[in-house]
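Asks: Let's see this in three dimensions:
(one chain, ligands or ions: 2)
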Amino acid sequence: MADVQKTLVLLKPDALQRDLLGEIIRRFELKGLKIVGLKFVRLSEEMLTEHYSHLADKPFFASLKSFMMQTPVVGLVLEGIDSVEAVRKIVGVTNPRAADAGTIRADFAMNVPSNLIHASDTAENAAIELKRFFKEEEVFSYEKITDRFQFGEGI
Ligand code: UDP
Ligand code: MG
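Replies: Ligands and ions are numbered 1, 2, ... in the order given. Below is the predicted model of the structure:
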């Protein structure tokens, strides 16, 4: 059964520095993902330690956190059927050199640390990350005409 999900995206400091915010947001919009949250966030060391806790034992952990604090990041909440997987597909795999052509990371990045985007990897993590970065009143609900027909899939 189709599952309407919200997923969390962060546009990292390299996206801001390289003037790629609009281009990246445009790709999500053109895909048909609904933007239901959008704001600048200045990440703290505490937020990042929690957010990247799965990487705490890696040698690049400190450098990753430091990089993420260089500028504010842009937080996005994107909604749609199976949006967690749909967004990860558009973003591409972690290493931009291995990412499929046409994905954002493949098209605009060369190096793993500066791969432009964070996107939640599972529905469970998306729910946790959404709460980490957005207050309830910062996530909006509105109808698009395509919403009314999104369950009409027989394949
Ligand atoms: N990262 C890094 N070096 C590595 C692996 C990861 O700098 O060898 C950074 C990279 O920015 C990546 C982030 O850590 O996006 C989080 O890693 P994860 O494995 O969760 O990848 P993602 O979910 O972002 O594809
Ligand atoms: Mg990850």
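Asks: Can you pull the phi/psi pair for the residue lying closest to residue 40 once chain neighbours are set aside?
Replies: Nearest residue to residue 40 in three dimensions, chain neighbours excluded: residue 72, at 4.4 Å (CB to CB, 6 or more residues apart in numbering). Quick note: C-beta positions are derived from backbone N, CA and C, even for glycine. Torsion angles at residue 72 (phi, psi; degrees, to the nearest 10) stand at phi -60, psi 160.
Asks: you'd agree residue 72 is up against residue 42?
Replies: Yes. At 4.8 Å, residue 72 counts as touching residue 42 under the criterion of CB atoms under 8 Å.
Asks: Show me which of the two is the more surrounded one.
Replies: Taking neighbours as other CB atoms under 10 Å, residue 72 and residue 42 compare with residue 72 leading, 14 against 9.
Asks: Quick check: which ranges of the chain have low pLDDT?
Replies: Applying pLDDT under 70 to the chain flags residues 1.
Asks: got the residues of it near ligand 1?
Replies: Listed as neighbours of ligand 1 in the chain under the rule CB under 6 Å from any ligand atom: 55, 60, 64, 94, 112-113, 115, 118, 121.
Asks: Residue 136: which of the residues you listed is nearest?
Replies: Nearest to residue 136 among those is residue 118, at 21.0 Å by CB to CB.
Asks: OK, contacts around the closest one?
Replies: Applying CB atoms under 8 Å, 6 or more residues apart in numbering to residue 118 gives the contacts 8-10, 12, 51.
Asks: Please apply the same query to residue 22.
Replies: Taking CB under 8 Å, 6+ apart as the definition, residue 22 has no contacts.
Asks: mind checking the backbone torsions on it?
Replies: Main-chain dihedrals, residue 22, degrees, to the nearest 10: phi -60, psi -40.
Asks: roughly how far apart are it and residue 98?
Replies: Using CB to CB, to the nearest Å, we find residue 22 at a distance of 26 Å from residue 98.
Asks: before we move on, what about residue 46?
Replies: For residue 46, the distance to residue 98 equals 32 Å [CB to CB].
Asks: And residue 84, by the same measure?
Replies: Applying CB to CB, the value for residue 84 to residue 98 is 20 Å.
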